[in-house]
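Engineer: could you work out the structure for the sequence below:
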Amino acid sequence: SYSLKVEVAALTSREYLEGVDLFAGCSPRLLESVSVLLSEHLFAPEEFLFYAGTAAKEMYFVVSGHVEEVIEGEEGEEIIDAVRRAHHSVGSIPFCFGLRHFNSARASKLGGSICLRLEREQFFDLLKMYPQDEETISNNSMATLDAIKSKAGSSRRGSSKAGGS
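Structural biologist: Presented below is the predicted three-dimensional model:
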């Protein structure tokens, strides 16, 4: 039955949502509802979750293993920009703002990873039923984006004289 599915989802996947910055301050009811939308995916070692430049139609929550966020260097080489471990999300900013992915993401070379996938369309349909949480998600997304922009700005200033904010 549906209520049993909700209970099982709430017990097994909700803990992976609670630690994610995007959901900070959201209601337990929203987290429970989002838990039902999640589907588990096993990624083989070095298998890509998504590629840079593709539309962000889903985001992922790392359950086990880790996911490497990869950018392309000036000479076409792959550079690991970030490593996301259990209880972290992957691809949340493009997902929230309806953008294309800034980078690629792949499962770790050693052992791959298990992730929970959340589809964008389902999530935003659900979010309409939780207006206060929708505002919280929006604020959390903006705060994360601002932090990324600030980090990028400070790293550019550190490597060149031109920069500024």
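Engineer: so V62 makes contact with G91?
Structural biologist: No - the pair formed by V62 and G91 falls short of the contact definition of Cβ atoms under 8 Å, at 11.1 Å. Quick note: C-beta positions are derived from backbone N, CA and C, even for glycine.
Engineer: mind listing what's buried in whichever helix in the chain runs longest?
Structural biologist: Ranked by number of residues, the top helix in the chain under DSSP state H is helix 131-159. The neighbour-count check on helix 131-159 (16 or more other Cβ atoms under 10 Å) flags 133-134, 136-137, 140-141, 144 as buried.
Engineer: closest one to D125 out of those residues, please.
Structural biologist: If you rank these by distance to D125 using Cβ to Cβ, E134 comes first, at 11.5 Å.
Engineer: what number of residues lie near the closest residue to the closest one other than its chain neighbours?
Structural biologist: Here the nearest residue to E134 in space, its sequence neighbours aside, is L127; by Cβ to Cβ, 6 or more residues apart in numbering that works out to 4.8 Å. Counted with other Cβ atoms under 10 Å, the neighbours of L127 add up to 18.
Engineer: gap between L42 and H88?
Structural biologist: Distance check for L42 against H88: by Cβ to Cβ, to the nearest Å, it reads 17 Å.
Engineer: counting neighbours, go ahead and name the busier of the two.
Structural biologist: With neighbours defined as other Cβ under 10 Å, L42 and H88 compare such that H88 has more, 18 against 13.
Engineer: strands of the chain, start to end?
Structural biologist: Assigned strands in the chain, in chain order: 39-43, 48-50, 58-65, 67-72, 78-84, 89-90, 104-107, 113-119 (criterion: DSSP state E).
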